[in-house]
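Peer 1: Dropping the sequence and predicted coords here.
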Amino acid sequence: MSDIIRRDPRAEWIVRNRLHPLHLSLMEAKQGDVRGPSGVLRKAPHKVGFVGPNGIKRIDRANFFAGDSAAKNSLLKGRVAERPLHRVEHADFYIMVVADLVGGRLTRHDKDCLGLAHQLIVKRLGAVVLVCFGECKDSQLALAGVDRLIHLEGAVYEGFSPEARLLALEQIDASYRPEHWLFPDSVHGGADLACRLSARLGERLAAHVWQVNAERAVCRGASASVDIVRTTPRILTLLEECAEGIDETQHQVLPLTMSAIAHQTPRLKDQGQIAVDANAVPLAEAEFIVSAGNGIHNWAQFHATATALGATEGASRVAVDDGFMPRSRQVGASGTWVTARVYLAVGISGAIQHMQGIGQCDKVIAINTDVGCDMVKRADLAVIADSDAVLTALARLVELHQAAKNTKQSRGEIINAA
């Protein structure tokens, strides 16, 4: 038999194409070493756990390679495998994770912090406590790794309220004396609150942490060009993808009681958000984007619907090249990379450059008539229908919602006047 190592070009192409239906099954078979055509073993940058030159670890977001074969088979068939319950009846210590909870739901950054918290529990029996403020709409806390929950609600915690939140964290620290405080190193308030707590407790925090264990923490410094190693402190602000999220167990989410907190009159008052033109927000910073592609035929309707939804407008390269949208609105690798919380793609089939540009978006919604296009495969929610009809229905729903809101406000004013 010949010793020549033969290649399978089609299988290699499927491994590179994450949107292919057979991608996951072939990736599972190629989790070992990869041998090139010359016989030399090569590194597999797409392998789960691979750490690249920038120090970022490859994470299995799809939870395909975790667990047994039965769990993988159920995932392939579209069913979620039942996870074993992780119990912590009597915890020796606590690790507090203060979540950003953007929009009332855990972000990927929050879930990474919860995963790291469990990695810090090594010898003794500890519990991970999620501390959240305001409204919590997330119903998947048990699957995110939350053993205990401290949920502080009330108008005093709504909006930008660092003084009230800091006072609550101080009382939590005095009551439970946690082993560590973990915050997401983000612009949503985690980094600011961590700095305030560090100054109030008189403890030096570790910022921009991307690797940590019980003994040492590795922090990024000098615009992520150098690593700073120091002893692990009590308070840490963690970068994204600092650890893998919890994906193999479900947790109890037992509430922790807190005594009444005596709040003081805040010196900082949140006056609410300022109304701005959505299209004045740069695409790279927009949280809600409605993007148009070749499937849009009524551009006046598209602009009107985007305005009614309060969304920033984007476009595919085809729409820009045809002159319907300016070049500054182009989304994709050849345009602007976006990180929106919600990305609504209308009439966009999903070229590879466009898919790369929306890779960091949290939720993707596709409106398209082609059920087999790549954008529909990528989307968290897909509507297979004509874009004109869907946009018309969306605009109508916005009008009804606004009318109902105005009616409630007018009734409230009449009651107050009486």
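Peer 2: Received, thanks.
Peer 1: so what are the domain limits for the chain?
Peer 2: When the chain is parsed with automatic domain parsing, its domains come out as 9-51+62-76, 85-255, 278-399.
Peer 1: could those domains go into a markdown table alongside mean neighbour count, distance to K269 and mean pLDDT?
Peer 2: C-beta: built from backbone N, CA, C; applies to glycine. Converted to a markdown table, the domains of the chain look like this (neighbours: other Cβ atoms under 10 Å; distance: least, Cβ to Cβ, whole Å; pLDDT from 0 to 100):
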| stretch | mean neighbour count | distance to K269 | mean pLDDT |
| --- | --- | --- | --- |
| domain 9-51+62-76 | 13 | 43 | 59 |
| domain 85-255 | 18 | 9 | 91 |
| domain 278-399 | 19 | 24 | 91 |
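Peer 1: What ranges does the stretch 101-250 of the chain have for its strands?
Peer 2: Listed in chain order, the strands of the stretch 101-250 of the chain (DSSP state E, counting those that start in this stretch) span 126-133, 148-152, 180-184, 206-212, 216-221, 226-231, 235-238, 250-251.
Peer 1: helices or strands next to the third one in the packing?
Peer 2: Read that as strand 180-184. Packing partners of strand 180-184 (3 or more Cβ pairs under 8 Å, 6 or more residues apart in numbering; DSSP states H and E): strand 93-98, helix 108-119, helix 190-201, strand 235-238.
Peer 1: Out of these, flag the one nearest D321.
Peer 2: Of all the helices and strands packed on strand 180-184, helix 108-119 sits nearest to D321, with 32.9 Å by Cβ to Cβ.
Peer 1: Just give me how far the closest one sits from the chain centre.
Peer 2: Centroid displacement of helix 108-119 relative to its chain, using Cα atoms, centre = their mean, to the nearest Å, is 12 Å.
Peer 1: how far off helix 190-201 does it point, in degrees?
Peer 2: 50 degrees (axes from the mean of the first three to the mean of the last three Cα atoms, to 10 degrees).
Peer 1: tilt between helix 108-119 and strand 93-98?
Peer 2: Angle, helix 108-119 to strand 93-98, by the same axes, to 10 degrees: 170 degrees.
Peer 1: and the angle for helix 108-119 with strand 126-133?
Peer 2: 150 degrees.
Peer 1: can you list contacts of helix 108-119?
Peer 2: Residues outside helix 108-119 that contact it (Cβ atoms under 8 Å, 6 or more residues apart in numbering) are 95, 97, 99-101, 106, 128, 130, 144-146, 180, 182-184, 186, 190, 212-213, 238, 240-246, 362.
Peer 1: Output it in CSV with nothing but the alpha carbons.
Peer 2: Extracted C-alpha coordinates of helix 108-119, given in CSV (Å, rounded to 0.1, in the frame of the first residue of the first chain):
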residue,chain,number,x,y,z
ARG,A,108,-21.7,36.8,26.7
HIS,A,109,-19.2,38.8,28.8
ASP,A,110,-21.3,38.0,31.9
LYS,A,111,-21.4,34.3,31.1
ASP,A,112,-17.6,34.2,30.6
CYS,A,113,-17.2,35.8,34.1
LEU,A,114,-19.5,33.1,35.6
GLY,A,115,-17.4,30.4,33.9
LEU,A,116,-14.2,31.9,35.4
ALA,A,117,-15.8,32.0,38.8
HIS,A,118,-16.3,28.3,38.8
GLN,A,119,-12.7,27.8,37.7
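Peer 1: most centrally placed residue in the protein?
Peer 2: Among the residues of the chain, R108 comes closest to the average C-alpha position under Cα atoms, centre = their mean, at 3.1 Å.
Peer 1: Could you measure from it over to I352?
Peer 2: As judged by Cβ to Cβ, to the nearest Å, R108 and I352 stand 23 Å apart.
Peer 1: before we move on, the earlier item: can you lay out the domains of the chain as CSV showing distance to L268?
Peer 2: Below are the domains of the chain laid out as CSV (distance: least, Cβ to Cβ, whole Å):
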stretch, distance to L268
domain 9-51+62-76, 41
domain 85-255, 6
domain 278-399, 23
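Peer 1: So for P266, which of the ones you listed sits nearest?
Peer 2: domain 85-255 (4.6 Å).
Peer 1: Now do the closest one: distance to the chain's middle.
Peer 2: 15 Å.
Peer 1: Stretch 398-409 too?
Peer 2: 31 Å.
Peer 1: Let the chain start at 432 from now.
Peer 2: Taking 432 as the first residue, the last one we looked at is stretch 829-840.
Peer 1: which other residues reach that stretch?
Peer 2: With Cβ under 8 Å, 6+ apart, stretch 829-840 has contacts from 736, 739-740.
Peer 1: picking that back up, right, and the strands of the stretch 532-681 of the chain - which one's nearest L714?
Peer 2: strand 611-615 (23.3 Å).
Peer 1: That closest one to helix 621-632, inter-axis angle?
Peer 2: Between strand 611-615 and helix 621-632, the angle comes out at 150 degrees (the same axes, to 10 degrees).
Peer 1: Good, we can wrap up now.
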